[in-house]
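Q: here you go, sequence then predicted model.
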Amino acid sequence: MIRIVMTLCLVMLSLSGCVPGQQIEQLGIITSYGVDLLDEEEGTLDNTILYTQFDPEAPQPMQTIESTSSTYLDAISAANLKTSYKLVTGHISLKLFGKEMAEKGIMRLLSPHLRDAEEPANIYIAVGEPTAKEILMSKGITDVSKFLDQLFENNIREEILPKSNFMDFVHNVDDPGVDPIQPVITIKNDKPVIDQIGLFQQDQYVASISPDETFLVKLIIEDFRAGKREIILPRAPFDPFIQNDTDEQPKEDLYLTLDEIRSSADISLEDKKQLHYQVNVDLEARLMESSEPIKIDSDKVLNLLETEMSRKFEEQYEQLTNKLKELNVDPIGFGTHYNAETKHEDLTDEKWRELFPTTTINYNVNVNIIRHGVIE
C-alpha cells in the first residue's frame, strides 16, 4: 500500500510540474494489467486494465476497462477508445497472466516493457488461475491493485515469497541454467490469495509448487534474515520428553514453529562429468511454539530436535528435487553453477534441459536452535 501511495504522490508531483491541472484530471493511471488467451489460433487476447483517476468528479477513483487485441500495445490503444481519460502506463505495478496464456509463453507481451522507458522496471509478474480477469475483477476487494501490491510487499518483507520482479524474470529467462519462479494468484472467499509459486521453463508456465516447497527453494537462492516457518516432525522420538502427556490416543505428528530464521547455502559441483552436486544449507532459528509441551533441559533433547529437523528438511529436498527433475525445471540454478565450472563450453537452454534430469544432488542441512526452554 505504501508503494501505491508514494507512486500516486510522485505521479501528481511530476505531472503538476509539466502539464496543466486540467490535463492531470484527464489522465487514467494504469496500475494493473491482466491478459488471458481468447483465441489461440488467431492469437487474440482478452485484456483487463485497472486504472486510477485524479478527477474529483469521478464517482470512483479506481476503474476497470476491458479490451480485445493481439498485442500489449494494441490492448492499451483499444482500451483508450473506451474511456474519456488518456491511459498512461508509467506507473503500472503488476502484469498478470492467466494460466492458459502463461502456458503459451509471456515474453512477447513483456518485450515492449523493455523498450518503454516510462514503465518501471520493478513491476510484479504473476500468474492468475484460472484467469487474470477473475483476479482483477474480484468482487470482495474495492481497490484490487492496492490490495495485490500490499499482498506482494508484505509476503516479500516477511520472507515468504522469493524476491522476483520483472527484471529478475527477464534475467532468468535469458540466462541458460536457471528458470524463473513467479507467484500464482487464485480467488478464495472472493479475495485474491497467493496459493502457489509458479515454475517456468524460460517464459512458459509449466507447474506450481506449494509454500512449503517454495521455502526450500528460497533457503538456497536467498539468505533468510528473520523468517518464520512451521515444520512437522514425527512425534514418537520425543515421547519421553513431552510433559503432562495424558492423551490416551497420542498424535503421530509434532508441529513446531521456527522464528527468526537466518540461513545461508552454498552449491558446489563435485563432479563435472557425472554432474554430482553438493548443497549445504545452514539454518539458525528460535523455537517459538510446539503442539506438545517439550522441556528442553539437556543437550540430548536439543540435539534430537536439531537432528530430526535436519533429516526432515533433507527428505523434503530429495522429494522436491525429484519433482523438479521430472518437470525439467531448474529454479535453483544448478545450471548456472555448471556453466561457471565449464566456461569453455557454450551452455544453451536446450542442452541444460538434456543434462538437468541426469544430475545427482546431495543435500546436507544443518539446523541450529538458538533459543528454547519449555515450549508449548
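A: Here it is on my side, so go on. Computed from a predicted structure; not experimentally measured.

Q: from here on, just use CA atoms for contacts and neighbour counts.
A: Will do.

Q: which of the residues in the helix or strand hosting K323 are classified as buried?
A: Element membership for K323, per DSSP states H and E: helix 299-327. The neighbour-count check on helix 299-327 (16 or more other Cα atoms under 10 Å) flags 301-302, 305-306, 308-314, 316-317, 320-321, 324-325, 327 as buried.

Q: if I look at N154, how far off is K343?
A: Per Cα to Cα, to the nearest Å, N154 is found 39 Å from K343.

Q: K312 now?
A: 36 Å.

Q: quick check: mean pLDDT of stretch 363-370?
A: The average pLDDT within stretch 363-370 is 96.

Q: ok, back up a step: between N154 and K343, which one's more packed in?
A: A count of neighbours by other Cα atoms under 10 Å puts N154 above the other of N154 and K343, at 14 against 9.

Q: and the one helix or strand the more buried one maps to, how far out from the chain middle?
A: N154 is part of helix 144-157, with elements assigned from DSSP H and E. In terms of Cα atoms, centre = their mean, to the nearest Å, the centre of helix 144-157 is set 12 Å apart from its chain centre.

Q: and that helix, C-alpha only, in CSV?
A: C-alpha atoms of helix 144-157 as CSV (Å, rounded to 0.1, in the frame of the first residue of the first chain):
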residue,chain,number,x,y,z
VAL,A,144,-7.7,-4.7,-6.3
SER,A,145,-4.4,-3.1,-7.4
LYS,A,146,-3.6,-1.7,-4.0
PHE,A,147,-4.6,-5.0,-2.4
LEU,A,148,-2.3,-7.0,-4.7
ASP,A,149,0.5,-4.6,-4.3
GLN,A,150,0.3,-4.8,-0.5
LEU,A,151,0.0,-8.6,-0.8
PHE,A,152,3.2,-8.9,-2.6
GLU,A,153,5.1,-6.4,-0.4
ASN,A,154,4.0,-8.0,2.8
ASN,A,155,4.9,-11.5,1.8
ILE,A,156,8.3,-10.5,0.4
ARG,A,157,9.0,-8.4,3.6
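
Q: what helices or strands is that helix leaning on?
A: Counting contacts by 3 or more Cα pairs under 8 Å, 6 or more residues apart in numbering; DSSP states H and E, helix 144-157 is packed against helix 2-16.

Q: and if we set it to 10 Å?
A: With contacts defined as 3 or more Cα pairs under 10 Å, 6 or more residues apart in numbering; DSSP states H and E, helix 144-157 has these neighbours: helix 2-16, strand 27-39, strand 44-53, strand 62-69, strand 94-98, strand 124-128, helix 132-136, strand 191-201.

Q: could you export those as CSV, including mean pLDDT and distance to E118?
A: Formatted as CSV, the helices and strands packed on helix 144-157 follow (pLDDT from 0 to 100; distance: least, Cα to Cα, whole Å):
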stretch, mean pLDDT, distance to E118
helix 2-16, 45, 12
strand 27-39, 94, 12
strand 44-53, 95, 16
strand 62-69, 94, 21
strand 94-98, 98, 15
strand 124-128, 97, 16
helix 132-136, 97, 23
strand 191-201, 96, 27
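
Q: which one of the ones you listed lies closest to D282?
A: Nearest to D282 among those is strand 191-201; the distance by Cα to Cα comes to 23.4 Å.

Q: all strands for the stretch 201-350 of the chain, in order.
A: In the stretch 201-350 of the chain, the strands defined using DSSP state E, counting those that start in this stretch lie at 204-209, 227-234, 253-271, 276-290, 294-295.

Q: okay if I get those as JSON lines plus mean neighbour count and mean pLDDT?
A: Formatted as JSON lines, the strands of the stretch 201-350 of the chain follow (neighbours: other Cα atoms under 10 Å; pLDDT from 0 to 100):
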{"stretch": "strand 204-209", "mean neighbour count": "19", "mean pLDDT": "98"}
{"stretch": "strand 227-234", "mean neighbour count": "16", "mean pLDDT": "93"}
{"stretch": "strand 253-271", "mean neighbour count": "17", "mean pLDDT": "95"}
{"stretch": "strand 276-290", "mean neighbour count": "19", "mean pLDDT": "95"}
{"stretch": "strand 294-295", "mean neighbour count": "18", "mean pLDDT": "82"}
